[in-house]
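Asker: Turn this into a structure:
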Amino acid sequence: MLWQPSLPETYTLATPEDLAQRITERRRELGDKLVILGHHYQTDEVIRHADFTGDSLKLSQLAAEKVAQQGAKYVMFCGVHFMAETADMLTPDNVAVILPDLSAGCSMADMAEYDDAVAAWEGIHHSLATQGWRGRVIPITYINSTAAIKAFVGHNGGCVCTSSNASRVMEWALAGGTHPRSPGEDIKIIFLPDQHLGRNTAAQFGMDVRTQTCVYDPRRRKQGEELGGATPAQVLASTVILWAGHCSVHKLFRPEHCDEIERLNQTKRTKDRMKILVHPECSKDVVDRADLAGSTEFIIQTIRASEPGSHWAVGTEVHLVKRLAREAAERGVHVRILSDCQCLCTTMFRIDQPHMCWVLDNLVKGKVVNRITVGAAARKLALQALDRMLKLAPAKPAAVAASVD
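Answerer: From the prediction side, this is the model:
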């Protein structure tokens, strides 16, 4: 996590209304020089100032598009660090991408470090070679990863994926990735950093995740277990090797929350029963109990397209669910969060109006603070991994009815 200096009291003691007015005034002064992007998980007070909202990749692509259209010089990314990195890679060098609070990181992205990935790559290959295996290993990284991990994946012939196209990218890798699979050739995948998205995607391909996947935990390697807690036999038998990472928000949704919805449904009339809709970053035992699982955009579009009178229990970040619930209520659609626990992205929550106002005050004075940049070498390799994803055929449907063991 990067260090964020404390803000002066003129920001920390200001009222939300005063800060909102000051932000609006500064935006007016900066005009087309500025684009503000707001991730879906941001609070309402941040979203109100965003020019565009979306998931991480959509916003980075919008940044590049709008910078080109209006000649913007500054992009304020109200998200977390890896998102700002992606936006920096997709925009020209003369555009400053700014993260309002440098401490807004991503715990999942932080679970996969470059040196650990290199050590895993070498250890897995050594183990497989020792056992006489002669196939290829292709890395895939979820977009929720650092630029360094994207560069590692790009360098080793791999690809980035999102939650909406993970199955398409996995299909690409199993077919050989950058080089078509030769007859009889064995392909294995290392999937970073979210084990749950990797496991749920593998299950979509009919894999028995108990025998055809295993977990590599870099913390266990540092404790002396060469294969991160997996055995040589497990690595040899696995088609997909899952990195031991997870989303701290989606991990909070548990099978018992789904069971509670099912108990509530037993007391309701058929038309009032809730459907469970979750993100594939949730664990497989939650996804298996859900009616539908899909990306953030899929969740939003599913609720917006749902019939009046329908009821939904949604397993994703609380601020997004609350906004969806308010919007859906106007059409007579009932939305609640799957769990009553506070399923909040705490690092995203660090982006707030005081930090936004501080950034904009500095920009008006001609000073850029909290600029996020990716070095040229990492940028080149990471873009290879991103470009491979973007050049693939259109993704398959963003979600499918959840499987049941």
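
Asker: Would you state the strands of the stretch 151-300 of the chain in chain order?
Answerer: 159-161, 187-192, 213-216, 240-243, 274-278, 292-294 (DSSP state E, counting those that start in this stretch).

Asker: Deepest-packed of those strands, please.
Answerer: Highest mean neighbour count of those: strand 159-161, a mean of 29 (counted as mean count of other C-beta atoms under 10 Å). The C-beta positions use only the backbone N, C-alpha and C, and glycine is treated the same way.

Asker: just checking, what packs against that strand?
Answerer: If you count contacts as 3 or more C-beta pairs under 8 Å, 6 or more residues apart in numbering; DSSP states H and E, strand 159-161 packs onto strand 136-142, helix 147-155, helix 166-174, helix 376-391.

Asker: and the nearest residue to residue 95 once chain neighbours are set aside, what helix or strand is that in?
Answerer: Of all residues not flanking residue 95 in the chain, residue 67 sits nearest, at 5.4 Å (C-beta to C-beta, 6 or more residues apart in numbering). Using DSSP states H and E, residue 67 sits in helix 56-70.

Asker: before we move on, back to that, switch the helices and strands packed on strand 159-161 over to CSV; also include distance to residue 122.
Answerer: Supplementary listing: the helices and strands packed on strand 159-161 in CSV, determined by distance: least, C-beta to C-beta, whole Å:
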stretch, distance to residue 122
strand 136-142, 11
helix 147-155, 12
helix 166-174, 20
helix 376-391, 18
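
Asker: Export those as CSV, with columns for distance to residue 369, mean pLDDT and mean neighbour count.
Answerer: Shown next, in CSV, are the helices and strands packed on strand 159-161 (distance: least, C-beta to C-beta, whole Å; pLDDT from 0 to 100; neighbours: other C-beta atoms under 10 Å):
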stretch, distance to residue 369, mean pLDDT, mean neighbour count
strand 136-142, 29, 98, 25
helix 147-155, 20, 98, 25
helix 166-174, 35, 96, 22
helix 376-391, 22, 95, 18
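
Asker: quick one, which of the ones you listed is nearest to residue 242?
Answerer: With C-beta to C-beta as the criterion, residue 242 lies closest to strand 136-142 of the helices and strands packed on strand 159-161, at 10.5 Å.

Asker: Could you count how many residues lie near residue 358?
Answerer: 22 (other C-beta atoms under 10 Å).

Asker: give me every residue that touches it.
Answerer: 7, 8, 11, 100, 369 (C-beta atoms under 8 Å, 6 or more residues apart in numbering).

Asker: Not counting sequence-adjacent ones, nearest residue to the third one?
Answerer: So that's residue 11. Among residues not flanking residue 11 along the chain, residue 354 sits closest, at 4.0 Å (C-beta to C-beta, 6+ apart).
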